[in-house]
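*Asks:* sequence first, then the predicted structure:
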Amino acid sequence: NAGVTQTPKFRILKIGQSMTLQCTQDMNHNYMYWYRQDPGMGLKLIYYSVGAGITDKGEVPNGYNVSRSTTEDFPLRLELAAPSQTSVYFCASSHGQNYYEQYFGPGTRLTVT
Amino acid sequence: DQQVKQNSPSLSVQEGRISILNCDYTNSMFDYFLWYKKYPAEGPTFLISISSIKDKNEDGRFTVFLNKSAKHLSLHIVPSQPGDSAVYFCAASASYNQGGKLIFGQGTELSVKP
């Protein structure tokens, strides 16, 4: 099992550009999450999904969109990138019966200049 | 408004001694608490958890203590090993929040010196 995979590992965007961060899990987990971690800070939840076709906002959803068309994939879309979106982005997944214990991907480091 | 706080950004401990990492929370609705460990350039990994119906949970060298009246939890690592050097995040959740939404603290960087 690969677990949770994220692509790309690194990306530099110009202000106003858009991009999609990819996340795939092969553990058949119902729950998936997107977090961002700013320097010296903890992780903040952007969006989450409790199953295919169902998504909901977390603490910091502004400037992002998500979709969940399959159990495996949970892409995060950035529209009109801003310097405030410079961060490390982590995708995670968990099983429905124990959704607090989340499995994280290795992260995507995004810089917006 | 920081609902989960880890007030010590860093901690240095000698190998073989005890490491104690602390975490405070403000939301009395939190009823499940977790510790995650993170190495550089990797995602966090789950370490240990505790429900609010308990005051202690132990797993090998790791023990988490919960003091609900003080809204405080701590992670004890005994004995500490150099491989424990990492950033430790405390996280909390309220069961009424369906979907496992976690609120994380800022993290404490633990350095275990040989």
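*Replies:* It's in.
*Asks:* what ranges does the chain have for its strands?
*Replies:* Since you didn't name a chain, this refers to chain A. A:4-7, A:10-13, A:19-25, A:31-37, A:43-51, A:54-57, A:64-66, A:76-78, A:87-94, A:103-104, A:108-112 (DSSP state E).
*Asks:* chain B, not that one
*Replies:* Counting by DSSP E, the strands of chain B are B:4-5, B:10-14, B:19-25, B:32-38, B:45-51, B:56-59, B:62-67, B:72-77, B:86-93, B:103-104, B:108-113.
*Asks:* residue numbers of chain A in contact with chain B?
*Replies:* A:4, A:31, A:33, A:35, A:40-45, A:48, A:50, A:56, A:58-59, A:90, A:92, A:94, A:99-107 (Cβ under 8 Å from any Cβ of the partner chain). (Glycine included, C-beta is placed from N, CA and C.)
*Asks:* switch to 7 Å and redo it
*Replies:* Residues of chain A lying near chain B by Cβ under 7 Å from any Cβ of the partner chain: A:31, A:40-43, A:45, A:48, A:50, A:56, A:58, A:90, A:94, A:99-102, A:104-107.
*Asks:* for the residue nearest to the spatial centre of chain A, give me its contacts.
*Replies:* Centroid-nearest residue in chain A, with Cα atoms, centre = their mean: residue A:34, separated by 3.0 Å. Residue A:34 makes contact with A:46-47, A:66, A:76, A:89, A:91, according to Cβ atoms under 7 Å, 6 or more residues apart in numbering or on different chains.
*Asks:* pick out whichever of the residues you listed sits closest to chain B.
*Replies:* When the contacts of residue A:34 are ranked by distance to chain B (Cβ to the nearest Cβ), residue A:91 comes first, at 8.2 Å.
*Asks:* ok, now which ones touch that closest one?
*Replies:* Residue A:91 neighbours (Cβ under 7 Å, 6+ apart): A:4, A:6, A:23, A:32-34, A:74, A:105.
*Asks:* as TSV, the strands of chain A with distance to residue B:46 would be great.
*Replies:* Formatted as TSV, the strands of chain A follow (distance: least, Cβ to Cβ, whole Å):
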stretch	distance to residue B:46
strand A:4-7	12
strand A:10-13	25
strand A:19-25	15
strand A:31-37	13
strand A:43-51	13
strand A:54-57	22
strand A:64-66	23
strand A:76-78	22
strand A:87-94	9
strand A:103-104	8
strand A:108-112	20
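*Asks:* let me have the ones you listed in a markdown table, adding distance to residue B:78 and mean pLDDT as columns.
*Replies:* Formatted as a markdown table, the strands of chain A follow (distance: least, Cβ to Cβ, whole Å; pLDDT from 0 to 100):
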| stretch | distance to residue B:78 | mean pLDDT |
| --- | --- | --- |
| strand A:4-7 | 31 | 97 |
| strand A:10-13 | 38 | 96 |
| strand A:19-25 | 34 | 98 |
| strand A:31-37 | 28 | 96 |
| strand A:43-51 | 27 | 95 |
| strand A:54-57 | 40 | 94 |
| strand A:64-66 | 41 | 97 |
| strand A:76-78 | 39 | 97 |
| strand A:87-94 | 29 | 97 |
| strand A:103-104 | 26 | 96 |
| strand A:108-112 | 34 | 97 |
